[in-house]
Structure formats: structure tokens, C-alpha cells
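A.B. asks: Provide a 3D model corresponding to the input given below.
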Amino acid sequence: MSKPELRVTVFSDYICPFCYIGDARLNRLRERYDLKVNWCLLEIHPETPVEGMPVEQLGYPAAQWQQMMTSLKSMAKDDGLLLSDHAFTTNSHNALLLAEAAKQSGAEVFYRLHDALFHAYFVKDQNIGDVALLRILGCAAGMSDAQVDQAFTSPKFEQQLKQYNLAAAELRVAATPTFFIGKQRLDGAVSVEQLFAAAEMASAD
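C.D. replies: This is a model prediction of the structure:
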């Protein structure tokens, strides 16, 4: 028996820890639905240098950062996700360009890269702003050298990222991840139960 199709739009970034959690939770919907996701790739810290910087320089008060990390580690554990202690952050722009280019090669290639980017950053502590690393990840996911090159040279991928930023502004997206399922909007790494409830409501419309 075929699963009902469910279309979801997600605003997300590969350096966002709550997007890492949210992605795993969204994947649970595949148990019941033929999930079609429109990934709107949104750069959350464009001011960060490509070489990265200590997380302390993001400007969060120490107490707030500690609370966020405690909450994040608890969620990751509950969802069975590996999560390293993260001491640095990096610029995600090049990773977003590569992921957008990977869409041209089909869902299988895109999702291999999508998963690899999250894994590289949150599990292996790698700098996903580094083009050399991104070339390795892109080719391992099934992209050709030419396709990887095009990600960083073709203006169409830059333009698409700009379109996502405009859409985020129009929709007043202020947090990542933000999910749009049917007529419902869910902000942040919401629970699996909330995602299933939104999916059921969308399917009933």
C-alpha cells in the first residue's frame, strides 16, 4: 500500500544544532508519509568567517549558551543522535551553495550530501565552510567534479539562496528550523508528536 504524499517546506541551516535535531524528527514522518521536502537553505550567521571562530564570539551570554547546550544534548540523546562538544562555529554559505547544487542531481544525491554535512559538522567537528572538505563530501555523495565546481561559480545558486532569504523575510521566519506543513507553521525543533499532528491535519484538509 502506497503512503500518502506530504509536502513540507523547511527553512534550515547546516550549522544550526536545532536543525540537526529537527531533521531527524522530520524523518520520522517517512514512516507514514511519502515526504516531499522543499529545503529552503537559510544562512543564519553570514558574519562568521570561513575559517570559523570560537562559539563564544557568537555573542550569547554564558548562562544562556550553557542552557541551550544542555537542552540540545538532552534532545540529541532522546533522538539517538551523536553530538560532539562544539567549541567553534563556521560560515555555512559554501555548504548551502553545494547543497543547492546537489538538488540538480536528484533526491538521492542531495540527501547523501545533506546527511553528510550535518554529520561532518556536529559529529566530526569539521569545518563545512572549507571548500576542500566540501569537494570531498560532494563527490562522495555522487556529484561530479564539474557539478561541485558549478556550485561555487554559477550565479544561479547564489540567486536561489537570495530567494530563500526574501521568502524568509516575507514569512517572518525568525528561527531555524521553521516547518510549514499544510496550513500550519512550527518554529524550532518541535517534538515528533507535533510534527505528526500537523501532518495528520494537513492530510485531512
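
A.B. asks: Any stretches of this protein with poor pLDDT?
C.D. replies: Residues of the chain that meet the criterion pLDDT under 70 lie in 1.

A.B. asks: Show me the helices in it, by range?
C.D. replies: Taking DSSP state H as the test, the helices found in the chain are 17-27, 62-78, 93-102, 107-122, 131-141, 145-153, 155-170, 192-204.

A.B. asks: what's the most buried one of the ones you listed?
C.D. replies: Greatest average neighbour count among those goes to helix 93-102 (a mean of 24), per mean count of other C-beta atoms under 10 Å. Placement of C-beta: from N, CA and C, glycine included.

A.B. asks: Present the helices of the chain as JSON lines; the columns should include distance to Tyr33.
C.D. replies: Formatted as JSON lines, these follow (distance: least, C-beta to C-beta, whole Å):
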{"stretch": "helix 17-27", "distance to Tyr33": "10"}
{"stretch": "helix 62-78", "distance to Tyr33": "22"}
{"stretch": "helix 93-102", "distance to Tyr33": "22"}
{"stretch": "helix 107-122", "distance to Tyr33": "15"}
{"stretch": "helix 131-141", "distance to Tyr33": "24"}
{"stretch": "helix 145-153", "distance to Tyr33": "29"}
{"stretch": "helix 155-170", "distance to Tyr33": "23"}
{"stretch": "helix 192-204", "distance to Tyr33": "6"}
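
A.B. asks: Looking at those helices, which is nearest to Glu47?
C.D. replies: helix 93-102 (10.8 Å; C-beta to C-beta).

A.B. asks: Tell me which residues are up against the closest one.
C.D. replies: Here helix 93-102 makes contact (C-beta atoms under 8 Å, 6 or more residues apart in numbering) with 13-15, 39, 41-43, 46, 50, 109-110, 113-114, 117, 128-131, 134, 137-138, 141, 143, 147-148, 150-152, 154, 157-158, 160-161.

A.B. asks: From the chain's centroid, how far away is it?
C.D. replies: How far helix 93-102 lies from its chain's middle: 11 Å, per C-alpha atoms, centre = their mean, to the nearest Å.

A.B. asks: Contact partners for Leu117?
C.D. replies: 14, 95, 98-99, 128, 137.

A.B. asks: Out of those residues, the closest to Asp78 would be?
C.D. replies: Each of the contacts of Leu117 was scored against Asp78 by C-beta to C-beta, and Tyr14 proved nearest at 21.3 Å.

A.B. asks: now the nearest residue to the closest one once chain neighbours are set aside: how far from Ser203?
C.D. replies: Counting by C-beta to C-beta, 6 or more residues apart in numbering, Tyr14 lies nearest to Leu117, which is 4.5 Å off, once chain neighbours are set aside. Separation of Leu117 from Ser203 (C-beta to C-beta, to the nearest Å) stands at 30 Å.

A.B. asks: go on, Arg32?
C.D. replies: Separation of Arg32 from Ser203 (C-beta to C-beta): 9 Å.

A.B. asks: What of Asp130?
C.D. replies: Applying C-beta to C-beta, the value for Asp130 to Ser203 is 42 Å.

A.B. asks: ok, now which ones touch Ile128?
C.D. replies: 14-15, 90, 92, 94-95, 117, 120-121, 134, 137.
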